[in-house]
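1. Next come a sequence and a model predicted from it.
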Amino acid sequence: MLPLYLVKTDFATTLKHAGLSVTAVRLSVLDVLTHHPHSDASRLYELVQQQIPTVSIQAVYNNLHALVEAKIIRDIKPKGQLSRYETRMHDNHHHLVCRHCDSVVDADCKGVAPCLSPSYNHGFTIDEAEVIFWGTCPSCQLSTQNGDR
Ligand SMILES: [Zn+2]
Ligand SMILES: [Zn+2]
């Protein structure tokens, strides 16, 4: 893992390239999100607060929104759940979501994006497929089995 100051320098460059001002909260959001991918806004708020005690939840929401708009981070919206965020972008990877504990993990794309094609594309050129696989994670499978006994 990169030392923190290097990561932050890198993020500062990313923000500047996207035309966003470099703020402590933005750097902190990107920093914690790198270490805690697929977190939702309230979890990120807790983590940013550890670095910047005066931060407000609204500031975290606003910055998440700005970073998504600038395509610096990605939001994942599993149906019926809070949005999750991650810094891993542009690789067409997918997600596995546990129906029981809401855990989210990355599922790498098998081929070149889009790795899936619809049966009919309606004349669209398609550059990305975003897939959410729903199921039961290994630890929930175990606790379900234990519960049956
Ligand atoms: Zn689970
Ligand atoms: Zn992911």
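-> Perfect, I can see it now. Numbers count the residues shown, from 1 in each chain. Ligands and ions are numbered 1, 2, ... in the order given.

2. Spell out which residues of this protein are next to ligand 2.
-> 86, 106 (CB under 5 Å from the ion). (Each C-beta comes from the backbone N, C-alpha and C, glycine too.)

3. ok, 6 Å please
-> Taking CB under 6 Å from the ion, the part of the chain that reaches ligand 2 is made up of 37-38, 86, 88, 93, 95, 106.

4. Now, these that are in strands?
-> If you go by DSSP state E, the residues of the chain next to ligand 2 have 86, 95, 106 in strands.

5. Do you know the pLDDT at His36?
-> Listed pLDDT for His36 reads 96.

6. Quick check: chain neighbours aside, which residue is closest to it?
-> Spatial nearest neighbour of His36, excluding adjacent residues (CB to CB, 6 or more residues apart in numbering): Leu47 at 6.2 Å.

7. Now do the buried residues in stretch 59-73.
-> Neighbour counts over stretch 59-73 (16 or more other CB atoms under 10 Å) mark 59-60, 63-64, 66-67, 72-73 as buried.

8. Of those residues, which is the nearest to Lys79?
-> Distance to Lys79 across those (CB to CB) is lowest for Leu64, with 19.5 Å.

9. host element of that closest one?
-> Counting by DSSP states H and E, the element that carries Leu64 is helix 57-69.

10. what's that helix packed up against?
-> helix 24-35, helix 41-51, strand 74-76 (3 or more CB pairs under 8 Å, 6 or more residues apart in numbering; DSSP states H and E).
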